[in-house]
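1. need coordinates for the below:
(one chain, ligands or ions: 2)
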Amino acid sequence: MGSEINVRVTGSSGQGIVSAGTLLARVYRDGGRHVFAVQDYMSRIRGGNNFVQLRAADRPVRAPRAKADIIAALDGQGARANAAALAPGGLLLADELTAINQYMVHSEMCANWGYQKLHKQFEKRAITEMKHAEKLIGRILFLEGTPTVSVLRKMNIGADVPKQLAGDHALEAGAIKSYNEAIVQAGEAGDYATRDILQAILNDEDGHIDEIEELQDQVGQMTLPVFLSTQVKE
Ligand SMILES: [Fe+2]
Ligand SMILES: [Fe+2]
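-> Numbering: from 1, shown residues only. Ligands and ions are numbered 1, 2, ... in the order given. This is a model prediction of the structure:
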């Protein structure tokens with residue numbers, strides 16, 4: 001993939017594509033990238049298909065690209081309507097993109113509540129998921145893979161910290177299952193380099209679920225108010 005990624009977030013009006021696009025832009029900026037974002041104004045009527053397209057690069061960028069390496073479709077209509085914009089070798093990374101967005105929302109909610117330690121931990125996790133997305137795209141492009149279009153998983157935003165942890169745990173468990181299956185497939189296909197890349201990502205996801213379970217254990221053992229009092233300062 002090199003030093004540039006083009007991401008299109010698509011869906012119906014009112015599904016939060018602008019919020020998702022804004023958060024994604026923030027993740028890339030926090031990860032040290034330059035970001036250029038455009039919004040498609042074609043269908044402002046609620047229910048029409050809209051998209052936000054981001055271009056994130058190592059150098060300053062001043063224009064969008066027409067094609068996207070990743071399409072994050074919030075509904076099936078968006079996936080179909082935007083399939084033609086997927087660059088050759090592009091990939092829809094449903095688990096990783098859902099995770100980036102969900103963790104950034106949770107991170108910002110915790111910052112808003114003054115739980116700085118949770119804010120930082122969740123933000124760090126979001127940035128790791130972004131790096132996973134990049135690795136996968138790089139590999140697919142290297143393999144000149146066939147574009148895959150599917151639907152972004154439903155974001156599971158928790159209204160309080162225990163609900164956030166439960167939603168994040170479910171997402172990681174789903175990702176671990178998918179990576180385990182993909183590792184078997186790569187091995188069966190004799191593609192050991194891809195298998196190694198997937199294995200490295202799986203190890204990170206194992207670490208993530210471990211972190212989440214640690215926090216859940218602390219909540220259980222300390223009670224929620226005491227746990228939260230430990231998260232206020234860095
Ligand atoms: Fe990941
Ligand atoms: Fe993860």
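
2. if you count contacts, what does the helix ranked longest in the chain end up packed against?
-> Selection of the longest helix in the chain by residue count, based on DSSP state H, yields helix 192-222. In terms of contacts (3 or more C-beta pairs under 8 Å, 6 or more residues apart in numbering; DSSP states H and E), helix 192-222 is packed against helix 116-142, helix 161-188, helix 224-229. From N, CA and C alone the C-beta is placed, and that goes for glycine too.

3. give me the buried positions along stretch 214-224.
-> Residues 215-216, 219 are the ones in stretch 214-224 that count as buried (16 or more other C-beta atoms under 10 Å).

4. among the helices and strands packed on helix 192-222, which is the most enclosed?
-> Ranked by mean neighbour count, the helices and strands packed on helix 192-222 are led by helix 116-142 with a mean of 20 (mean count of other C-beta atoms under 10 Å).

5. angle of that one against helix 192-222?
-> Helix 116-142 runs at 170 degrees relative to helix 192-222, counting by axes from the mean of the first three to the mean of the last three C-alpha atoms, to 10 degrees.

6. on contacts alone, who are the packing partners of helix 116-142?
-> For helix 116-142, the helices and strands in contact under the criterion 3+ C-beta pairs under 8 Å, 6+ apart are strand 4-12, helix 17-30, helix 94-113, helix 161-188, helix 192-222.

7. out of the helices and strands in the protein, which is least certain?
-> helix 76-82 (a mean of 60; mean pLDDT, DSSP states H and E).

8. tell me, please, where in this protein the pLDDT is lower than the cut-off.
-> Counting by pLDDT under 70, the ranges of the chain that qualify are 1-2, 13-15, 41-48, 73-93, 140-141, 143-153, 234.

9. would you mind listing what in it touches ligand 2?
-> In this structure, the chain approaches ligand 2 at residues 205, 208, judged by C-beta under 5 Å from the ion.
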